[in-house]
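> Quick one, structure for this:
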Amino acid sequence: MVRIDRSVLRRIGCAVPAMTLAVALTAAAAVAERSSDGAADLFAGTGIRHIADERAPLADAPSAAEEAAAAEREMDVEELGYVPDQIVVVYEEDATRRERREAVEELGAEELGRAVEVAEGTVASLDIPDEMTVDDAVQAAQASSAVKYALPNYVAETFDEVGTATAFTTASGNERLDDQWHLGFVKAPGAWEALAFCEELTEPVKVAVIDTGASLSHPDLAQVVDWNRSIEVVWTDQTSLASWTGRPLRGDGYTNGSSRPTEYTSHGTHVTGILGAQAGNGGVLGVASGAGTACANELVDVLVIDAFSLLDSNGRPNATLQDIVYALEHARANGCRVVNMSLGFVSSNPELAQFFEDVCRGLADADDMLLVCAAGNSNARTKNYPAACSATLSIISISERSGVGEDAATFVRPFWHGSDVLRSSFSNYGSWCDVSAPGERILSTFVRNGSTNGYATMSGTSMASPVAAGVAAMVRAAHPALTAAEVKELLCATAVDLYTAGRDDQTGYGAVDAEAAVKRALALRRGTYEEEDVSPEIAPETVPADGAPAPEKKPAAEPQPSTPTTPPAPNPATKQPEQSSGSQGAGSPSPTKPNTSAQSTKKPAAKEPAAQAPPAQTKPTVRKVAAPKLKKAKRGFTVTWRKVTGNVTGYQVQYALDKKFKKAVKTKTLSKGKKTWKATKLKAKKRYYVRVRAYYKAEGKKYYGKWSSVKSVVTKK
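This is a model prediction of the structure:
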């Protein structure tokens, strides 16, 4: 059957009535007015004279909008940065199916494929009309009251340095253990030993890797990855959103249901190996592998999601915004508590920034999911998303001289002098970044041409991110009760200063320290360390208020790397060659401990010296309230929450007109027996943000628990 372009049918349908109307108007005008130029009769004997008509011809020429849309569809996805004939919309949480359908019909679009339900609303891809550009469709969709966000279906990038994969070998990785310099640098062996002697360990932490997939047959991954829950996002027909789905993972390099591998970066295989490659089988070691200790291969349960279902013009894999949302939902549905994303969207669109801010905050607060994200490889302050979101842990790449070699670009053209640890030459940086991790010349698992398993080194913030994610997973194994925000704060608080004392744009809070982080988590679990030290509320610079983007603020005392004539003084916290000590059986030396004075100004939490016993805890512990449930009502709402066990005297419900709880804030204090409360006499058709906390009263003083995650509701008219 011949396929007829819908735009042709639309133009024909519009042209026929237009031509009929034009003829009638011409005849009527001829009867009413006689031409003064004596032109010949148009029809002999009718008396109707020719009328001069300078209007444009009635031919169905394409409009400017149609020409722009056609030109956009001819452009390459890589050049545009988004898919040319689609947009992504996020419907309001309270939008009904009818309202959603009407919004799509008004746009003249089609909602195809599978919509994804997230805490912030329903996310769906729309196939827009042929005569509309993506920008026009986005603006039209934003006008609908049922639509919260409307965005181009942006394309994500992986953050590995192209061409840096070297020294591929099929030989055992253990024969080159010293090349895994990142393990000793972050003190992974010390963390493994601490966890091995922990009797409280329960079950492995579920970790998701959203990437290009992973080799199913690689000996270092075959027993680590949960293949039953790992998936490949597939568009078997790139012209039809209805073909978008998740299928069982087949490996690394398969795209769009291809019968064989079609891309050969091995990005996902390499990233997965850095995080959790199997210990004890003669290959490389993952950061969270446990090595040869009693906890070997018992710390993480890895789920791999191949979200890169598109190929650009150069044959490199791409993932769309909708692919990533689907992947995040799959990770959430499977209970993943740490997610590694060595990818990002390079865009200055404020709608994209706010969309990711909401999504990531919701996953962190409501689903206790810590998202670990690569900062990007532009050697700039450029923000990438979701790394730049306040709820994620964004990772800068750093390099150690003895680990990467003097010939590495980082040390050939250093950003500052006097240190053997520098920000990697390719890494993004800025006040929006949190911590640093090794990312240059990292040895890990590799698959060549989609079929030959082996090992190779790669560089990029894509490599630094899984190092940090592996450390985060070990912290969650050490203390499962810590929230995602608390784990992030703990990693920042225990990081090792590198560039200047305190948080700086070049390295964040410093290098992740696996041993210090795990030991702190274990101390918190056993009650031998003040739990408030990792409260997210004590570091507003690290975790801004809900919905607020990370501040773009440069530290006042930060030396400028671009001024080599006046280099900063060597940082006493930085490891010098003569201070190196061998890692505990893992290769490269690790950085020394920072000096006490620097650390006291740097950390988001005050800390006791390691050699001293912490003060006794006298403050009663009040448990955090779980996320409440909301039900809208006429000019009000009803909030319901779970009863908290332990020390509880009562509850407080707080609501406001903004997420930061600054506009029209009201607080209601309730008794211990309450589990529900109804707010009345509020503004109609207004969105209210609500949170709940418990409190305990002892000796005339109130002790408050942490606020629950924030939920919102729109009141009825």
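
> Contacts only, for the residue most central in space within the chain.
Here the mean C-alpha position of the chain is nearest to the C-alpha of Pro386 (Cα atoms, centre = their mean), at a distance of 3.3 Å. The neighbours of Pro386, taking Cβ atoms under 8 Å, 6 or more residues apart in numbering as the test, are 341, 344-345, 356, 359-360, 371, 373, 392. The way it works is simple: take the backbone N, C-alpha and C, and place the C-beta from them, glycine included.

> between those residues, which is closest to Ile210?
For those, the minimum distance to Ile210 (Cβ to Cβ) is 5.3 Å, reached by Met341.

> Just give the closest residue to the closest one, not the sequence neighbours.
With Cβ to Cβ, 6 or more residues apart in numbering as the measure, Cys373 is the residue that lies nearest to Met341, at 4.7 Å, once sequence neighbours are left out.

> Bridged to the one you found, which residues?
Beta bridges link Cys373 to Met341, Ser394, judged by DSSP bridges.

> Correct me if wrong: it contacts Ile395.
Yes. With contacts counted by Cβ atoms under 8 Å, Cys373 reaches Ile395, the gap being 6.8 Å.

> where do the contact lists of these two overlap?
387, 465.

> Please identify which of these two sits among more neighbours.
Set side by side, Cys373 and Ile395 show more neighbours around Ile395, with 35 against 31, by other Cβ atoms under 10 Å.

> in the stretch 51-200 of the chain, what spans have low per-residue confidence?
For the stretch 51-200 of the chain, residues meeting the criterion pLDDT under 70 lie at 51-62, 112-115, 118-120, 162-167, 173, 175-176.

> all helices of it, in order?
Under the criterion DSSP state H, counting those that start in this stretch, the stretch 51-200 of the chain contains helices at 64-74, 77-80, 97-107, 134-142, 181-185, 188-196.

> Mean neighbour count and distance to Thr202 added to the ones you listed, as TSV?
Below are the helices of the stretch 51-200 of the chain laid out as TSV (neighbours: other Cβ atoms under 10 Å; distance: least, Cβ to Cβ, whole Å):
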stretch	mean neighbour count	distance to Thr202
helix 64-74	14	53
helix 77-80	14	45
helix 97-107	16	41
helix 134-142	19	46
helix 181-185	29	25
helix 188-196	24	12
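
> tell me which residues of whichever strand or helix holds Ala353 are tucked away?
Counting by DSSP states H and E, the element that carries Ala353 is helix 350-367. Neighbour counts using 16 or more other Cβ atoms under 10 Å place 351-367 of helix 350-367 among the buried residues.

> for this protein, which spans come out with low pLDDT?
Low-confidence segments of the chain, defined by pLDDT under 70, are located at 1-62, 112-115, 118-120, 162-167, 173, 175-176, 235-245, 256-264, 310-317, 529-618.

> neighbours around Trp416, how many?
The number of residues packed near Trp416 is 20, by other Cβ under 10 Å.

> just to revisit the earlier point, figure out which of the helices of the stretch 51-200 of the chain is closest to Gly121.
Of the helices of the stretch 51-200 of the chain, the one closest to Gly121 (Cβ to Cβ) turns out to be helix 97-107, at 9.9 Å.

> Please name every helix or strand in contact with that closest one.
strand 82-91, strand 110-111, strand 121-127, helix 134-142 (3 or more Cβ pairs under 8 Å, 6 or more residues apart in numbering; DSSP states H and E).

> quick one: stretch 693-708 to chain centroid distance?
34 Å (Cα atoms, centre = their mean, to the nearest Å).

> All further residue positions should be reported with the first residue as 41.
Shifting the count to begin at 41 puts that one at stretch 733-748.

> Check what contacts it and list those residues.
Contacts made with stretch 733-748 from outside it, assessed by Cβ under 8 Å, 6+ apart, are listed as 575, 577, 659-660, 662-668, 681, 684, 687-692, 694, 731-732.

> Swap in 7 Å and give it another go.
Contacts with stretch 733-748, where a contact means Cβ atoms under 7 Å, 6 or more residues apart in numbering, come from 659-660, 662-668, 681, 684, 687-692, 731-732.

> Looking at those, which are in strands?
For the contacts of stretch 733-748, membership in strands holds for 690-692, 731-732, with DSSP state E as the criterion.

> would you list the helices and strands packed on helix 137-147 in a markdown table and tack on distance to Cys532?
Formatted as a markdown table, those follow (distance: least, Cβ to Cβ, whole Å):
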| stretch | distance to Cys532 |
| --- | --- |
| strand 122-131 | 30 |
| strand 150-151 | 41 |
| strand 161-167 | 30 |
| helix 174-182 | 36 |
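
> Nearest to Arg372, out of those?
Ranking the helices and strands packed on helix 137-147 by proximity to Arg372 (Cβ to Cβ) places strand 161-167 first, at 12.6 Å.

> elements contacting that closest one?
strand 122-131, strand 150-151 (3 or more Cβ pairs under 7 Å, 6 or more residues apart in numbering; DSSP states H and E).

> Which parts of the longest one count as buried, going by neighbours?
For strand 122-131, burial by neighbour count (16+ other Cβ under 10 Å) applies to 122-131.

> Just the closest of those to Arg290, please.
When those are compared for distance to Arg290, the smallest value, 23.5 Å, is given by Val123; criterion: Cβ to Cβ.

> Distance of Ser465 relative to Cys238?
Counting by Cβ to Cβ, to the nearest Å, the gap between Ser465 and Cys238 amounts to 39 Å.

> now the strands for the stretch 391-540 of the chain?
With DSSP state E, counting those that start in this stretch as the criterion, the stretch 391-540 of the chain has strands at 410-414, 433-440, 461-463, 475-478, 482-488, 492-498.

> In JSON lines, list those strands along with distance to Asn193.
Shown next, in JSON lines, are the strands of the stretch 391-540 of the chain (distance: least, Cβ to Cβ, whole Å):
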{"stretch": "strand 410-414", "distance to Asn193": "20"}
{"stretch": "strand 433-440", "distance to Asn193": "24"}
{"stretch": "strand 461-463", "distance to Asn193": "33"}
{"stretch": "strand 475-478", "distance to Asn193": "31"}
{"stretch": "strand 482-488", "distance to Asn193": "29"}
{"stretch": "strand 492-498", "distance to Asn193": "28"}
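
> Out of the ones you listed, which gets nearest to Leu343?
With distances scored as Cβ to Cβ, the stretch of the strands of the stretch 391-540 of the chain nearest to Leu343 is strand 410-414 (14.3 Å).

> relative to strand 433-440, how tilted is the closest one?
Orientation note: strand 410-414 sits at an angle of 40 degrees relative to strand 433-440 (axes from the mean of the first three to the mean of the last three Cα atoms, to 10 degrees).

> Could you check the angle strand 410-414 makes with helix 390-407?
If you take the same axes, to 10 degrees, strand 410-414 sits at 140 degrees to helix 390-407.
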